[in-house]
Structure formats: structure tokens, C-alpha cells
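Asks: Provide a 3D model corresponding to the input given below.
(chains A and B)
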Amino acid sequence: MNLWLIVFAMGLVTFGIRLVPIVLLGRLEIPLIVQRALRFVPPAVLTAIVVPAMLYRSDQIDLSLSNARLLAGLIAIVVAWRTKSALITIGVGMIALWVLQSLMGHG
Amino acid sequence: MLSSRTEFVSGVKGELPLLLGVMPYGMIYGALAVKLGLPPVLVVAMSSIVFAGSSQLIGAPLMAGGMPGLVIVATTFIVNLRHALYSASVAPFIKQVPLRWKVLLAYLLTDEAYAVTITRFTQPDSSSALNKHWFYFGAGITLWSSWQLSTAIGIFVGQLIPESWSLDFTLALTFIALVVPNLKDRASVAAAVSAGIMAVFSYAWPYKLGLFAAAITGIVVGMLIEGKGVKRET
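Replies: All right, here's what the predicted structure looks like:
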């Protein structure tokens, strides 16, 4: 398949996923149980992306103290909890990762 | 009631800190995609046509590797399925806006724009705020612009950034910054923790299906814990 065709198909599928619930649920009354469920969407989805990014190194789980991403992530979690600032959390998290990686002597 | 301009400006402002995490990620996408041999014009166009970071990063190597188009599109569908949950979640708040607004806002729906917007939408004064779709638009268009810009930067200078800088980690940090401050009750903590655990176990599932399984797990656990709390109080 032509690469451009693939990109347009990817775009169409993505846009459809984003549009259909907005339009449909805008017409119907949303059942209470669905409303309750939707509150948990952000913590569930985003944490499900974050945790493997902290724990997996080259497709292997690494729970050791030599896993710089795990330690930097934990530091960022504490910083996010205390400061509630995205800027400080991302900044401190990256600096922590760089410091830990250079201490551990790997890239 | 806040004016549309005020809402728009606070949407932009709410999104700005996240750009520190999103722009490196966009640069990585741009750099990676051209390194794989995809035409730069296509790489830039994908950022506006698809406009979904993780599916672009996953899709680029598949395209470069000559995978069948149908497989790539199906993968995109599953990776981006979480946006259906976001879309359902913002739906009740923008019920009243005209369809052309819904089309525009749906196009701008991303992890980062959604997280900032839903925080605004669920504030106590929000029910009377008729212009709050302007907040969403402000957050969305800010992220959109930075995504296009960072893709282009990535194409030109991305090759110069060493991998040892681990810039891909900024995405995880961005999500930490979005989630942690909003874990205000036991049920949301349970949702986050259970989704995180499930994500680790289902990590190796094909086509990122594990991500969706983890999200559903978190939502169900959150509801169960919340349900228990309600019963105890009554």
C-alpha cells in the first residue's frame, strides 16, 4: 500500500476514535455507571503507560537499584506529589535520570 | 462566567508546562522516522494527519519495514483506542457546542490536552462556565503547534541528539506530572496502582493490547473501591 494512503488511513481511524464518543454521548443521556467509570480513565491509562516505561529495560523487567529510570521515576512521583508542578516534575525527573545514569556509568 | 478569551488563555497556560515533556518526544519521533528512511514530508504530514504520538512512533518503523498497511492501521486503532475513553469523558461537558466545534475538539484530543482540560472541566464552577470549550481549544491548539514544531526540529537536528540523553523518558515524566497531583482519593489511587501492575504483566501482549487491558483493569478496580466506600458511608 502507498505510504500516503496508510498515513491517511491512520489519521482517519484516529480521528474516528476521538470523534464518535463525543458525538454519540452528546446526544444520549450518559448512564450513571459510565459516568463513574470515566473518572478513572486518566489515572488508569496514563499509569499503564508510565509504569512499564520505568520498569522495562530492553524488554526485560529490571527492579534493581541500577535501573536509573525506576529511581528517577520514583523521584519524579514524590516531586509531583509535593509540588503539583508539571514543569518542576519533568525538570527534576530528567536531571535525576542524567545524574543517576552518569553515576552508574551507562547511557 | 469567564469570557471565551479568558478561557482560551488559561487553556494555553495550562498546557505550556507540559511542552517541556512533549517537545523532546516530538523531536524523537521526527528524528527516528527520517532515520528509518521515511520521506521528511511524510513524517511532518503524519504529525498533522494522525496527530497521536505513540501511534506515530510505533507506526513509523512498521511503515519503514514494509508491513502491510492493514496491520499498521489496525495497530494504530488499538494504540489509540484509549482516546475513545477520553472522548467519552469530555463528551458531557461539551454537549452544548455546535458539531463543527466537536469535530475540531475531537481532532485536538490527545493525552496531554485531555488531562489538562478534564481538570478544568471538573472544577466546581465548571457547570456555569459556558465558554469552557475555549479552554479545551487553547490547550489543544498549544499542544498541536508544539507537536508540529518539534517534529520539524527533530527532522533537522534530531540526529545530533545522542541517545544517552534519554529524551524519550520525558513522556513518562509528563504523565507522572499529570496523574500524581490528581490522586486525591483512595479509589483513584487503586485505579492507578492496579492499572500499573496489569500493564507490567501484559506488556508483552501484541499490538499494545496490554495497555488497553491495563486501562480497563484500573477503571474496574477504581469503581469497585469507590462502590465499597459509598456503601460504608450510607
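Asks: Report the contact partners of the closest residue to chain A within chain B.
Replies: Going by C-beta to the nearest C-beta, chain A is nearest to B:Gly218 of chain B, at 2.7 Å. Placement of C-beta: from N, CA and C, glycine included. B:Gly218 makes contacts with A:Phe40, A:Pro43, A:Ala44, A:Val45, A:Thr47, A:Ala48, B:Ala191, B:Ala192, B:Ser194, B:Ala195, B:Gly196, B:Met198, as judged by C-beta atoms under 8 Å, 6 or more residues apart in numbering or on different chains.
Asks: Now with 10 Å, please.
Replies: When contacts are counted by C-beta atoms under 10 Å, 6 or more residues apart in numbering or on different chains, B:Gly218 touches A:40-48, B:188, B:190-199.
Asks: do the same with B:Ala52
Replies: Counted by C-beta under 10 Å, 6+ apart, B:Ala52 has contacts A:10-11, A:13-15, A:17-18, B:46, B:58-59, B:76, B:79-80, B:82-83, B:109-111, B:147.
Asks: what about B:Pro61, how many residues close to it?
Replies: Using other C-beta atoms under 10 Å in any protein chain shown, B:Pro61 has 14 neighbouring residues.
Asks: quick one: contacts for it?
Replies: B:Leu32, B:Ala33, B:Lys35, B:Leu36, B:Leu38, B:Met67.
Asks: Any chance of the residues you listed in JSON lines with pLDDT, distance to chain A and secondary structure as columns?
Replies: Below are the contacts of B:Pro61 laid out as JSON lines (pLDDT from 0 to 100; distance: C-beta to the nearest C-beta, whole Å; DSSP: H, G, I helix; E, B strand; the rest coil):
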{"residue": "B:Leu32", "pLDDT": "87", "distance to chain A": "16", "secondary structure": "helix"}
{"residue": "B:Ala33", "pLDDT": "92", "distance to chain A": "11", "secondary structure": "helix"}
{"residue": "B:Lys35", "pLDDT": "87", "distance to chain A": "16", "secondary structure": "helix"}
{"residue": "B:Leu36", "pLDDT": "89", "distance to chain A": "12", "secondary structure": "coil"}
{"residue": "B:Leu38", "pLDDT": "94", "distance to chain A": "7", "secondary structure": "coil"}
{"residue": "B:Met67", "pLDDT": "84", "distance to chain A": "9", "secondary structure": "coil"}
